[in-house]
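A.B. asks: could you work out the structure for the sequence below:
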Amino acid sequence: MNNIIETERLLIREIKPGDIDCLLKIYQDSQNVKFIPNLILNMNEDNLKEKYDRINKDYKNGFGIYAVEIKDESIIIGEAGLFNSFQDLKNLELGYIIDNKFWRKGYGTEICESLIAYGFGKLKLDKLTARMFKLNSASARLSEKCGMKCIKQGKTENGGDFYEYGIEKQNYNDNK
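C.D. replies: Prediction:
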């Protein structure tokens, strides 16, 4: 299995079978997943494996869900990835879940900045998009910190308010 990204403190790499237990614990902590839409309540090992199998068929294209590991400690702190949510291989969605024990330590910024650089540099994307519930102000601030702009606001099918943030390759290059 390959690391797709190595940062100063993190490895963002393909999920290994041995990662499932740790990732499942992250999903089972309601604090970690309170802003995740369409989440299966009471996530179990089979649901999680099915999710990864479904989404990670695109590993061959360089995107999917990846484990996020603190490299010096070999601790899984969450997952992050780029997803083909728009059926457009030049515009992927960026998403992540970080265990709340690791919030407010700069890992979210490190993850998002590295995925943006990977998406535009290695995958040659035209655009990256991040969507979040309006109540998830930390993710909105993180998106802005990483150079994304709010491009849409709306309501989900269930009536929840959401933001959509985006960054285009030319704007990313202008900020470099």
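
A.B. asks: sec struct for F35, please.
C.D. replies: coil (DSSP: H, G, I helix; E, B strand; the rest coil).

A.B. asks: quick check: closest non-adjacent residue to it.
C.D. replies: With sequence-adjacent residues excluded and distances taken as Cβ to Cβ, 6 or more residues apart in numbering, F35 is closest to N136, at 4.1 Å. All C-beta spots, glycine's among them, are computed from the backbone N, C-alpha and C.

A.B. asks: any stretches of this structure with poor pLDDT?
C.D. replies: The chain contains residues with pLDDT under 70 at 1-3, 38-41, 58, 173-176.

A.B. asks: quick one, helices of it?
C.D. replies: Secondary structure of the chain by DSSP state H: the helices cover 20-27, 30-33, 45-55, 107-121, 137-145, 169-175.

A.B. asks: show me what counts as buried in stretch 112-132.
C.D. replies: Across stretch 112-132, burial judged by 16 or more other Cβ atoms under 10 Å covers 112, 114-116, 118-120, 123, 125, 127-132.

A.B. asks: hmm, S85 is touching L92, no?
C.D. replies: Yes: between S85 and L92 there is a contact at 7.3 Å, judged by Cβ atoms under 8 Å.
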